[in-house]
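> Sequence unavailable; structure follows:
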Ligand SMILES: O=C(O)c1ccc(O)c(O)c1
Ligand SMILES: [Mg+2]
């Protein structure tokens with residue numbers, strides 16, 4: 001099916017919007033009247049520009065407050081429509097969207113609405129134009145798609161059909177199976193948008209919080225399936241009103257939009273991009289730093305040993321158990337501070353993972369490797385983190401570790417078995433894009449979003465993981481005023497798994513690791529929530545260990561102080577505990593500020 005996007009979904013001038021839509025691979029656009037009115041280009045120039053970019057103008061919109069009004073008002077509306085139909089001929093657009101009236105003067109009279117829409121369609125038909133009638137969720141008398149269809153059916157005019165908009169339909173909780181009763185050729189247009197579930201006035205919800213399908217909580221794919229079953233064959237068109245997209249880079253938003261649409265087509269059974277390849281574990285985490293002395297003493301204290309050095313690059317491999325950390329001093333001129341720049345994911349099919357990423361418009365990175373190096377495919381996530389798809393064969397050294405020459409070392413492990421999770425901070429306006437990327441491109445499942453209180457702001461966090469929990473990424477967002485933007489904002493972290501946190505903490509403290517101090521008040525609060533074995537709570541208090549318990553199990557964790565832009569977390573999971581200690585986040589964030597001050 002053809003794909004389209006409404007110009008209201010993108011920022012900038014009309015030319016910028018058309019260019020962004022075309023570059024992202026859309027077939028067409030819905031032109032919003034305001035974008036046209038504000039453009040210095042004539043309708044003919046807009047038509048030519050769209051054609052040059054390979055875009056069809058699928059829809060012109062909106063016309064408002066047309067139907068179910070007294071005759072004198074309707075005569076004025078027809079005159080207005082005549083003007084717009086002339087404009088549409090110049091523009092080369094053949095379908096116009098008419099929103100159900102929100103006017104206080106509109107009458108609650110379906111027969112009148114049908115008769116007037118029929119007259120409008122008569123006029124439109126003379127110009128070869130089709131009228132798509134859309135029920136706004138806050139329409140004065142018509143606010144559901146089935147009501148709009150009843151009126152269109154009664155009007156019975158070949159130039160009149162309905163426009164279905166997933167937001168209006170799903171926001172009102174309408175049953176989408178009714179769509180299948182509408183003849184497909186009478187569904188003139190299908191607009192798609194998602195939204196997070198919110199207890200908000202529906203107009204405000206629609207105008208400010210729509211997002212691309214897959215980024216919210218609505219079952220947009222189910223609605224598309226119903227429309228296709230009805231026989232709809234027109235474009236799938238994204239129409240998203242969103243405060244962030246209005247100011248974000250149009251090119252980037254258009255790519256995010258197009259990726260969302262491909263994933264939606266896949267979910268609705270309309271497209272089959274290369275299948276997702278779910279990663280099975282972390283191969284490595286890469287920390288870039290201009291000065292290794294900033295990070296290696298900490299790695300040593302945490303029980304890591306430098307086991308190998310890359311044969312052609314200034315990259316060292318530090319290992320403990322199955323946890324691998326690459327320390328890369330090739331930082332270029334930027335990011336001299338230690339920061340987390342890349343993540344290696346164990347992939348059962350690196351080439352397949354890359355093919356999927358490419359089909360979803362993820363930037364595939366140019367290979368930074370010598371001819372003799374093992375092939376390593378990588379894509380850039382929305383926050384710039386590089387994700388490598390690795391097929392590690394440590395025994396045969398045929399995977400990426402084959403590019404490393406072993407270094408003499410004396411292991412002094414602290415009980416760390418592997419990487420538990422990686423926490424990546426996202427720019428606030430790319431959070432939904434990041435979640436969709438990690439789900440769609442990397443094949444990870446998103447979990448519920450949680451709000452975490454920082455003394456100087458509110459953080460949003462959302463984990464994505466594979467089913468086994470061997471790949472977990474915590475996406476976080478929210479800058480606090482005390483973050484130093486020159487240091488790239490909030491720090492990121494690597495969480496390392498141990499089977500005995502108390503023993504590990506004793507070892508790493510003795511080896512000189514600086515751990516985050518935890519206030520005594522925290523332990524008093526913990527005592528109020530849970531009962532502990534004799535001495536247990538005192539041990540946590542002594543070692544600065546945080547604790548959580550739920551119906552599935554227990555979680556013990558603690559943090560190192562931050563170095564540059566990174567810190568480490570040490571975690572122990574007991575039983576089926578599947579979370580990240582969210583109830584301790586406020587204490588941790590406060591402690592981090594206290595240390596930084
Ligand atoms: O918010 C609005 O007014 C508006 C206009 C046109 C649409 O297609 C729509 O879904 C909403
Ligand atoms: Mg709409």
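Received, thanks. Fair warning: this is a prediction, and the values are worked out from it, not measured in the lab. Ligands and ions are numbered 1, 2, ... in the order given.
> going forward, measure contacts between C-alpha atoms and count neighbours the same way
Noted.
> low pLDDT regions in this protein?
Counting by pLDDT under 70, the chain contains low-confidence residues at 333-335, 367-375, 393-398, 478-489, 596-597.
> Please repeat the previous calculation with a cut-off of 50.
Residues of the chain meeting the criterion pLDDT under 50: 481, 487, 597.
> Break it down into its structural domains.
The record's domain parsing of the chain by automatic domain parsing lists 3-267, 281-406, 418-596.
> Include mean neighbour count when you put the ones you listed into JSON lines, please.
Putting these into JSON lines (neighbours: other CA atoms under 10 Å) gives the following:
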{"stretch": "domain 3-267", "mean neighbour count": "20"}
{"stretch": "domain 281-406", "mean neighbour count": "19"}
{"stretch": "domain 418-596", "mean neighbour count": "18"}
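> nearest to residue 274, of those?
Nearest of the domains of the chain to residue 274, taken as CA to CA: domain 281-406 at 4.9 Å.
> sec struct for the residue nearest to residue 455 when sequence neighbours are not counted, please.
Leaving out its chain neighbours, the residue that sits closest to residue 455 by CA to CA, 6 or more residues apart in numbering is residue 590, at 6.0 Å. Three states are possible here, and by DSSP: H, G, I helix; E, B strand; the rest coil the one that applies to residue 590 is helix.
> Could you dump the domains of the chain into JSON lines and include distance to residue 275?
Putting the domains of the chain into JSON lines (distance: least, CA to CA, whole Å) gives the following:
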{"stretch": "domain 3-267", "distance to residue 275": "10"}
{"stretch": "domain 281-406", "distance to residue 275": "6"}
{"stretch": "domain 418-596", "distance to residue 275": "9"}
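> which strands and helices sit next to the helix or strand hosting residue 298?
Secondary structure assignment for residue 298, by DSSP states H and E: helix 296-301. Contacting helix 296-301 under the criterion 3 or more CA pairs under 8 Å, 6 or more residues apart in numbering; DSSP states H and E is no other helix or strand.
> Show me how far that helix is from its chain's centre.
Here the centre of helix 296-301 is set off from its chain's centre by 34 Å, with CA atoms, centre = their mean, to the nearest Å.
> Partner strands of the next helix or strand after that helix and their direction?
Following helix 296-301 in sequence order, the next helix or strand is strand 305-310 (DSSP H and E). Strand 305-310 pairs in its sheet with strand 315-320 (antiparallel), strand 404-406 (antiparallel), by DSSP bridges.
> Report the angle between the helix or strand following the last one and strand 315-320.
Past strand 404-406, heading to the C-terminal end, the next element that is a helix or strand (DSSP H and E) is strand 416-426. Going by axes from the mean of the first three to the mean of the last three CA atoms, to 10 degrees, strand 416-426 is angled at 130 degrees with respect to strand 315-320.
> counting contacts, what elements does strand 416-426 pack onto?
strand 315-320, strand 323-328, strand 472-477, strand 492-498.
> rerun that using 7 Å as the cut-off
Contacts defined by 3 or more CA pairs under 7 Å, 6 or more residues apart in numbering; DSSP states H and E place strand 416-426 against strand 323-328, strand 472-477, strand 492-498.
> Let me know the outermost residue of the chain.
In the chain, the residue that sits farthest from the middle, by CA atoms, centre = their mean, is residue 72; the gap is 48.9 Å.
> residues in contact with that one?
When contacts are counted by CA atoms under 7 Å, 6 or more residues apart in numbering, residue 72 touches no other residue.
> Quickly find the element holding it.
For residue 72, the host element (DSSP H and E) is helix 71-91.
> and that helix, how far out from the chain's middle?
Helix 71-91 has its average C-alpha position 40 Å from the chain's average C-alpha position, going by CA atoms, centre = their mean.
> Tell me the first helix or strand C-terminal of that helix.
Next in line after helix 71-91, if elements are assigned by DSSP H and E, sits strand 95-99.
> Tell me the helices and strands packed up against that next one.
Other elements packing on strand 95-99 under the criterion 3+ CA pairs under 7 Å, 6+ apart are strand 56-63, strand 130-134.
> Looking at these, which is nearest to residue 314?
strand 56-63 (50.6 Å).
> so what does the closest one touch, helix or strand wise?
Helices and strands touching strand 56-63, as assessed by 3+ CA pairs under 7 Å, 6+ apart, comprise strand 28-32, helix 33-37, strand 95-99.
> So in that sheet, which strands flank it, and in what orientation?
Partner strands for strand 56-63, per DSSP bridges, with pairing direction: strand 28-32 (parallel), strand 95-99 (parallel).
> what angle sits between that strand and helix 71-91?
Using the same axes, to 10 degrees, strand 56-63 lies at 160 degrees relative to helix 71-91.
> on that earlier part again, how far away is the residue farthest from the centre of the chain from residue 457?
55 Å (CA to CA, to the nearest Å).
> tell me the angle the helix or strand encompassing residue 343 makes with strand 323-328.
Taking DSSP H and E as the definition, residue 343 sits inside strand 339-346. With the same axes, to 10 degrees as the criterion, the two stretches strand 339-346 and strand 323-328 enclose an angle of 130 degrees.
> Alright, that wraps it up for me.
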